[in-house]
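Q: structure of the sequence below:
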Amino acid sequence: MNEEFLHFVYRFKLWDKNSCYLTTGQNIEIIDTGIYNKDSGPDFFNAKIKIDDTVLVGNVEIHVNSSEWYKHGHETDKAYNNVILHVVFNDNRKVYVNNRELPTWEIKFSHLLFNKYAEFKLNDNSIPCAEYISLVDDFKSKLWFDKMSIERLEDRVIFYDDILKQRSGDFEQIVYLSLARSFGFGINSEAFYNLAYITPLNIVRHYAGNKNFLEALFFGQSGLLEDAIIDNYVIELKKNYDFLVRKFNIFPINSSNWKHSKVRPSGNAYMRIAQFASVMSEFDRFVHLISKKEINVNEIRNFFKFEVSDYWKNHYIPGKVSENVKYKLGNEAVNSVFINTVIPMMFLWQKYYNPNYDPEVILDWLKSIKPENNRIIREWEKLNIFAENAYESQALINLKKNYCDNRRCLRCNIGYEILSQIHKLDFNG
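A: Numbers count the residues shown, from 1 in each chain. All right, here's what the predicted structure looks like:
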């Protein structure tokens, strides 16, 4: 037993309605459970309860054992002086507040409910409720998926918003970092982020019109030049990078940051860096496109129809010539950059510079993009849950990563719906 489960039972009123009496034998009615508090202090604020004929308004504290009141030091904390009800699983000690015995309720619930919760927490299924998810009404699932999609977008915006504040409102720096991260396409996202983080944007802009130096800058900073097969191109890169190191006192990341296994040739780190260098050669134009009040999506999509330098049109890796090289970003890759950079950056820009902008317009663009096709989405498809667009696939990715993987079933509306139905089944037959 744990407090998380007891919070869940109390918050959603899933207790045994035939056990509403205190340890003193008095009847208790929970008129209002109160406001759930995730910070310090009592677990629920401003609850309203009725003990026999007396109505009380105040806070509620929940413990597995009533003795934990003293174990946690609540008797010396004034924040707990207004607690009107102690909800416990096991009443093993009387508790006093201001010399009065605190009303204590041993909450009862279905054993089947707890067993199912324990099963969700302990089973080996990638999606804990996989066997029961079909029980959830489609409408309720859709409402939760909507929240998941917006939550994922908000998390991205908040992440970069925090960095923006640290960088004194340097929006272009945040776009730079976000764009770099998206070019890692998951497997090398952190490596790309680190690459951009240690490579000053002012140097990038200084060499925007010189692809030779720009490629030398990024390849040198990536640490991958040391592992590259030597040819004339690599010799030139190293010479130019040595010049940049002396001029700007920069240093590379460790090449071990980069992952190379299970990556298609067109998606390997070298090709992605070459593509990123081409994008950064027109960085100012990209910033302009995503920060206009009247956004033109087609203009932004066309921006990613860039050309890499001639060398990368017949190389996937340095020093090895290849035929039919796929050096342009495919539609799925462009969609990924839209999802991970363009849309979050547009949200962030509009937040600061165009507060009257309708966010639904940007969400509609997300809905116009095809859904991602990755391992997580395929797991949901096995359960007959299909994403029709990127808005929905982002919801499923967020649900899997932040709820299913962490077994946060009690914070998930789908988990709640399943457990709620089990509760009704056990008590109503």
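
Q: would you mind measuring from P42 to I35?
A: P42 is 10 Å from I35, where distance means Cβ to Cβ, to the nearest Å. For glycine as for every other residue, the C-beta is placed from the backbone atoms N, C-alpha and C.

Q: of these two, give the one with the bigger neighbour count.
A: More neighbours surround P42 than the other of P42 and I35, with 23 against 11 (other Cβ atoms under 10 Å).

Q: contacting residues around the more buried one?
A: Contact analysis of P42 by Cβ atoms under 8 Å, 6 or more residues apart in numbering lists N59, V60, E61, A79, Y80, N82, V83.

Q: kindly recompute the last result at 6 Å.
A: The contact partners of P42, taken as Cβ atoms under 6 Å, 6 or more residues apart in numbering, are N59, E61, V83.

Q: among those, which one sits closest to V297?
A: Distances from V297 to the contacts of P42, taken as Cβ to Cβ, are shortest for N59 (49.9 Å).

Q: so which elements touch the helix or strand hosting the closest one?
A: Per DSSP states H and E, N59 falls inside strand 54-65. Contact analysis of strand 54-65 by 3 or more Cβ pairs under 6 Å, 6 or more residues apart in numbering; DSSP states H and E lists helix 3-11, strand 44-51, strand 83-90 as its packing neighbours.

Q: let's see it at 10 Å
A: helix 3-11, strand 28-32, strand 44-51, helix 68-71, strand 83-90, strand 104-106 (3 or more Cβ pairs under 10 Å, 6 or more residues apart in numbering; DSSP states H and E).

Q: residues making contact with the helix or strand following the last one?
A: Pointing back at strand 104-106 there. Heading C-terminal from strand 104-106, the first helix or strand you meet, by DSSP H and E, is helix 111-122. With contact meaning Cβ atoms under 10 Å, 6 or more residues apart in numbering, helix 111-122 is reached by 1-2, 4-6, 8-9, 14-16, 89, 109-110, 125, 127-132, 404, 407-410, 412, 415, 418-427.

Q: which of the helices and strands packed on strand 54-65 is buried the deepest?
A: Compared across the helices and strands packed on strand 54-65, strand 83-90 shows the largest average neighbour count, a mean of 22 (mean count of other Cβ atoms under 10 Å).

Q: quick one, phi psi at the nearest residue to E323 once chain neighbours are set aside?
A: Leaving aside its sequence neighbours, E323 sits nearest to N314 (Cβ to Cβ, 6 or more residues apart in numbering; 7.2 Å). Phi and psi for N314, reported as degrees, to the nearest 10, are phi -140, psi 30.

Q: check L143 too.
A: Per degrees, to the nearest 10, the backbone of L143 is at phi -60, psi -40.

Q: low-confidence ranges, the protein, go.
A: The chain contains residues with pLDDT under 70 at 425-429.

Q: any idea where the strands of it begin and end?
A: Under the criterion DSSP state E, strands of the chain are mapped to 28-32, 35-36, 44-51, 54-65, 83-90, 96-97, 100-101, 104-106, 315-317, 320-321.

Q: who wins for proximity to A216 among those strands?
A: strand 315-317 (15.5 Å).

Q: run through who's touching the closest one.
A: Contacts of strand 315-317 (Cβ under 10 Å, 6+ apart): 224, 227-229, 231, 233, 260, 264-271, 274, 308-309, 321-322, 325-327.
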